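[1] Here is a sequence together with a model predicted from it:
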Amino acid sequence: MRCAYHPDYFVPLPPSHPFPMAKYPLLFQRLRAAGWLHDAQVLEPGEAALDDLRLVHTEGYLQQLGDGTLDAAAVRKLGVPWSQALWRRSRLAAQGTLLAARAALEDGRAANLAGGTHHAFPGHGEGFCVLNDVAVATRVLQRDGRVRRVLVVDLDVHQGNGTAAIFEGDADVFTFSMHGERNYPTRKMRSTLDVGLADGIGDEDYLALLRRHLDDILARFVPDIVFYLAGVDPVRGDRYGRLALSDDGLRERERCVLDACVSRGLPAVITIAGGYAPTPERTAELHSIVFEEAVRLPRRPPACAAS
């Protein structure tokens, strides 16, 4: 399976910062060491074109990101200190999701070893999310006539409020978010389908809800491509998750989503989204599960995308 990755997905943050930036190189190294990812499968992105970013984000916000003029309140809301390296990293990750989407249309599935930054809105970032990579990739593919109908399956424990806001009212983009009801963000936007989960939910109830809703969605909405935000923060012990999936439950979740796509011939794009396990190494270990399951699935050619 082809995967987008760039060494500059990692940007140094202050030692006390809660975001586990080290998970990106650790995940890459783990997949390489295990034999799940080889040199020929690595897609190295350049920086996303500003014209592509303008399909989602406002000119004013992009200008502030580019020249470092975000005010203090905007930086606090973003949750990470601005730097030129962060701006470059955000553009690389957005392009990585686009490269993975193009690969998935050819191969049936592909991934970005970053992405899933679903709290980014058109005019501001929040929750450690600078640019909304899935929204940008969706709009670029639609503009280029590669796809028309898009399904976003967001299983990060936090609702994808930015993605929901961007696509609200768009009948060609179905946003499905299954998240902690009492978790961040406090003010949630309206996805096409929101499933709020009680704190402490475990494998059996979580997986039953996922299977039921995913089957129902795919029975009434046939997408040309699926973006899967495979956040691992629903796993028990996550610092910000408050849910109680086991490692086996997470693995079954990944099988459920990927098999739903593969069995229907739907191209699937994996992004890793969030995860805040006690250590970056543990976070990378959990993120690796979806890649293992994606590689193990039989390869089926994707159905033809709508023009």
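    Ah, there it is. Numbers count the residues shown, from 1 in each chain.

[2] ok so residue 152 is a strand residue?
    Yes - membership of residue 152 in a strand is supported by DSSP: H, G, I helix; E, B strand; the rest coil.

[3] count of neighbours near it?
    29 (other CB atoms under 10 Å). The C-beta positions use only the backbone N, C-alpha and C, and glycine is treated the same way.

[4] Can you give me the neighbour number for the closest residue to residue 7 other than its chain neighbours?
    Of all residues not flanking residue 7 in the chain, residue 25 sits nearest, at 7.0 Å (CB to CB, 6 or more residues apart in numbering). Burial of residue 25 is recorded as 16 neighbouring residues (other CB under 10 Å).

[5] who touches residue 25 in this structure?
    Listed by CB atoms under 8 Å, 6 or more residues apart in numbering, the contact partners of residue 25 are 7, 9, 10.

[6] How about residue 292?
    Counting by CB under 8 Å, 6+ apart, residue 292 touches 34, 36.

[7] and it, how far is that from residue 270?
    11 Å (CB to CB, to the nearest Å).

[8] repeat for residue 116
    9 Å.

[9] Can you work out which residues contact both of these two?
    Listed as contacting both residue 116 and residue 270 by CB under 8 Å, 6+ apart are residue 230.

[10] excluding its backbone neighbours, what's nearest residue 159?
    Once flanking residues are discounted, residue 159 sits nearest to residue 179: 4.3 Å by CB to CB, 6+ apart.

[11] which residues are in contact with the helix or strand where residue 164 lies?
    Secondary-structure assignment from DSSP states H and E places residue 164 in helix 161-167. Helix 161-167 has contacts (CB under 8 Å, 6+ apart) with 56, 117-122, 126, 129, 132, 134-135, 138, 152, 154, 173, 175, 177, 185, 187-192, 194.

[12] Just the buried subset of these, please.
    56, 117-122, 126, 129, 132, 134-135, 138, 152, 154, 173, 175, 177, 188-189, 191-192, 194 (16 or more other CB atoms under 10 Å).

[13] In the stretch 1-150 of the chain, where is pLDDT below threshold?
    For the stretch 1-150 of the chain, no stretch is flagged by pLDDT under 70.

[14] Do you have the helices of it handy? List them.
    Remark: helices assigned in the stretch 1-150 of the chain by DSSP state H, counting those that start in this stretch are 23-34, 50-53, 59-67, 72-78, 84-107, 133-143.

[15] a strand runs through residue 175, doesn't it?
    Yes - counting by three-state DSSP, residue 175 is found in a strand.

[16] can you pull the contacts of the nearest residue to it once chain neighbours are set aside?
    The shortest distance from residue 175 to any non-neighbouring residue, by CB to CB, 6+ apart, is to residue 191 (4.1 Å). Residue 191 is in contact with 154, 159, 160, 163, 164, 175, 176, 177, counting by CB under 8 Å, 6+ apart.

[17] 10 Å instead, please
    By CB atoms under 10 Å, 6 or more residues apart in numbering, residue 191 lies in contact with 152, 154, 159-161, 163-165, 167-168, 174-179.

[18] State the distance from the closest residue to residue 141 other than its chain neighbours to residue 226.
    Once flanking residues are discounted, residue 141 sits nearest to residue 147: 4.6 Å by CB to CB, 6+ apart. To residue 226, residue 147 is 10 Å away according to CB to CB.

[19] Quick check: neighbours shared by those two?
    With CB under 10 Å, 6+ apart, residue 147 and residue 226 have common neighbours 101, 267.
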